[in-house]
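> A predicted structure for the sequence below; I have some questions about it.
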Amino acid sequence: MLEIKNLQARVEGKQILKGLNLSIKAGEVHAIMGPNGSGKSTLAQVLCGREAYEVTGGSVTYEGKDLLELDPEARAREGIFLAFQYPVEIPGVGNSYFLRTALNAVREHRGQEPLDPMEFLELTKEKIKLLKMDESLLKRSVNEGFSGGEKKRNEIFQMAVLDPKLAIMDETDSGLDIDALRIVADGVNSLRGKDRAILVVTHYQRLLEYIVPDYVHVLAHGRIVRSGGKELALELEEKGYAWVEELAEKAGV
Amino acid sequence: MKTVKEDAGAILKLFDAFEKECNGTRKSWVHELRQKARARAAELGIPTTKDEEWRYTNVAPLAKRAFTRPAPAKSLAVKDIAALLPPGLAEARLVFVDGRYTEALSNVGSLPKGVTLSSLHAALASDDKALRAHLAQYARQNDHPFVALNTAFLLDGAYLHVPKDVEVESPIHVLHIASGGEGQLAHPRNLFVVEAGAHATVLEHYAALAGGTYVTNTVTEVSLGEGAQLDHTKLQEEGAGATHIASIEARLAGKANFANHNVTLGGELTRNDINAVLDGEQVECTVNGFYIANGTQHVDNHTLVDHAKPHCHSYEIYKGVMDDTSNAVFNGKIFVHQDAQKTDAKQDNKHLLLSRDAEVQTKPQLQIYADDVKCTHGATVGQLDADAVFYMRSRGIGRAEALRILTFAFAEDVLKEIKHQAMRAWIASRVHERMAHTTGLKTR
Ligand SMILES: Nc1ncnc2c1ncn2[C@@H]1O[C@H](COP(=O)(O)OP(=O)(O)O)[C@@H](O)[C@H]1O
Ligand SMILES: [Mg+2]
């Protein structure tokens, strides 16, 4: 589904990704772990087409297409979704209106009829339950005044409604207490399926106890320095990020 | 050296031709009013940018233009103006074409007993008492050059009189249509009188059938009695080449509640003077504005909230969306008289720039002569939040639509204050349509 080859990217003149390789197939759950500042969010933003992040080399192929050629909205319509590390507040724009507009844009791209507010409400009901969200959050402005946990839940709620093929989650666990973490993880797990791929970006292995990945990759200094199965997350937890520095040195980054 | 005024002679020489149209009112008090105003207009001239009040808005070229009296309106049917009529708000409507009342397009059928809604011309001809008591009592025909001109050429417009304690539920749509011919100059004159305890909702709407370089010079007087309420929306959708000069003068008695929503979407050059005199205690007064300008459009709003008495509240938000090389001027005066203690006045002016080349001049002017008052003001100029735009795009919303959604959210602060629900929704739909024709918000 996703093939990243030798990806290099910089932001504000600073090289962050320095030759990253990653291959994800439909149905798989991958986790990327790494110390703060290693480039995890940069990778996530590059995959979504954030302009501030300049790709200086390498390629990204998504379902056979050159992903880097597409606008952010085209990527979303093709089924890529990023749950942001820092969801954006949009005062004055209703959460429900926002999400329905997004869904209808995606539906139009898929050749489906747009949903009216009633049909949309119907569709969202069960997803709201799934994430134990307070329904009043739908009536408020997008993320405005939401608590950290509410923002993260809202991201996963959007993901459930938009039904992406490739879901990327950037530090979705940060700012969540254990109950909220469970709920969010249940939500994500319910979206696992043979047609969908999930990429979980996290600093801690805690989330991976609930969303158990098929593969774990360790990112350091803009490159993947070690890949393995779910045990790698535990090993990393045990040995700490000092070990990552050793790995990085060995890999010559 | 430039002078502060140009000669208004080119416009005033139309007066002789105009007098011939004044049949029925030529020998009355109103004609004396016209003649006085004509003399005053000649003295005041046409201001240049040397006049502080007109510093950023250059109307001096009007003095050199050749104007004609509007030709008799060509016959229009309701279906020709259907796009200008808010659905579900057809119960009371006065339509004027090039400044003259057009009965075939109007509808004054179903108003409560005692309410007068008619053309000013007809009310003058029948020597309506309330009209005589209020007309030209508030507007500044002695000070403002364009109000003087309007008064000199005063002939027709909307006249509404709501007697004591009568509540008019359905909004009254006053529609001034310009046929849009080159060199036409119209002077619509409106008077809305809402007596003590009465309620009304008015939409004062300017639109055009063509985009010529015509001029609308309009004046609206508003009088609210004790505890009266008026929700007044002005929607300006003039043609692309138009000059629109408007004065609104409101006199508010104690406990009155007045809201003016000044929405400017059209015209090439717009100047609004919106003045409210809070002339009794416990008045609630809102003067809000929203405008979108692109191309080389110029929008100038001068407002004055005049706190003459104690214990009044005023609220003011003016918001503008500026694209291309458009210009905006905002001059917001709040005047608090010495005995207007416990005044609470708020003013805010915000601009959203969609282009680097748009320009904004904003000047709050607070003149406070009382000591126990609360007055706040603020002015900001900003751009759309790039993070919000990206967030929306990352969910599949196209760039232009994301910009439109954010721009509309910016407008909402003003639009949400329009009280009548169906009217609010309709104004919102006009704003949406206008955004779709704004360079920076267009779908590529
Ligand atoms: N918008 C930005 N402007 C400047 N520097 C940035 C920006 N985004 C990220 N960086 C820098 O890039 C590096 C990688 O950041 P990031 O990808 O956010 O790391 P992670 O998500 O792994 O913590 C950091 O040094 C960070 O300071
Ligand atoms: Mg990060």
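Nice, thanks for sending it over. Ligands and ions are numbered 1, 2, ... in the order given.
> residue of the stretch 1-150 of chain A closest to ligand 2, please.
When distances are taken as CB to the ion, the stretch 1-150 of chain A approaches ligand 2 most closely through A:Ser41, which lies 3.1 Å from it. C-beta: built from backbone N, CA, C; applies to glycine.
> mind telling me what element that residue is part of?
Using DSSP states H and E, A:Ser41 sits in helix A:40-48.
> so what's the gap between that helix and the chain middle?
Relative to the mean C-alpha coordinate of its chain, helix A:40-48 is positioned 9 Å out (CA atoms, centre = their mean, to the nearest Å).
> do stretch B:299-306 as well
In terms of CA atoms, centre = their mean, the gap separating the centre of stretch B:299-306 from the centre of its chain is 10 Å.
> coming back round to it: does the next helix or strand after the helix holding A:Ser41 come close to ligand 1?
Where DSSP H and E defines the elements, the next helix or strand beyond helix A:40-48 is strand A:53-62. No - residues of strand A:53-62 contacting ligand 1 under CB under 6 Å from any ligand atom: none, with a closest distance of 7.5 Å.
> give the other helices and strands that strand A:53-62 contacts.
Contacting strand A:53-62 under the criterion 3 or more CB pairs under 8 Å, 6 or more residues apart in numbering or on different chains; DSSP states H and E are the following elements: strand A:2-11, strand A:14-24, helix A:40-48.
> helices of chain A, start to end?
For chain A, applying DSSP state H gives helices covering A:40-48, A:72-77, A:95-109, A:117-130, A:136-139, A:148-162, A:178-190, A:231-251.
> next, the buried residues of stretch B:372-384.
Across stretch B:372-384, burial judged by 16 or more other CB atoms under 10 Å in any protein chain shown covers B:373, B:375, B:379, B:381, B:384.
> give me the residues contacting stretch A:179-193.
Contacts made with stretch A:179-193 from outside it, assessed by CB atoms under 8 Å, 6 or more residues apart in numbering or on different chains, are listed as A:27, A:29, A:130-132, A:149, A:152-153, A:156-157, A:159-160, A:167, A:169, A:172-173, A:176, A:198, A:206-207, A:210-211.
> residues contacting B:Ala158?
Each residue near B:Ala158 by CB under 8 Å, 6+ apart is listed here: B:94, B:96, B:117, B:119-120, B:172, B:174, B:190-192, B:204.
> out of those, who's nearest chain A?
B:Glu204 (26.5 Å; CB to the nearest CB).
> against which helices or strands is the one helix or strand that closest one maps to packed?
When secondary structure is defined by DSSP H and E, B:Glu204 falls within strand B:199-208. Helices and strands touching strand B:199-208, as assessed by 3+ CB pairs under 8 Å, 6+ apart, comprise strand B:158-162, strand B:172-178, strand B:189-194, strand B:215-224, strand B:229-237.
> my guess is B:Gly88 meets B:His420, correct?
No - taking CB atoms under 8 Å as the contact criterion, B:Gly88 and B:His420 are not neighbours in contact, 10.3 Å apart.
> tell me which of these two has more neighbours.
Shown here are B:Gly88 and B:His420; by other CB atoms under 10 Å in any protein chain shown, B:His420 has more neighbours (18 against 13).
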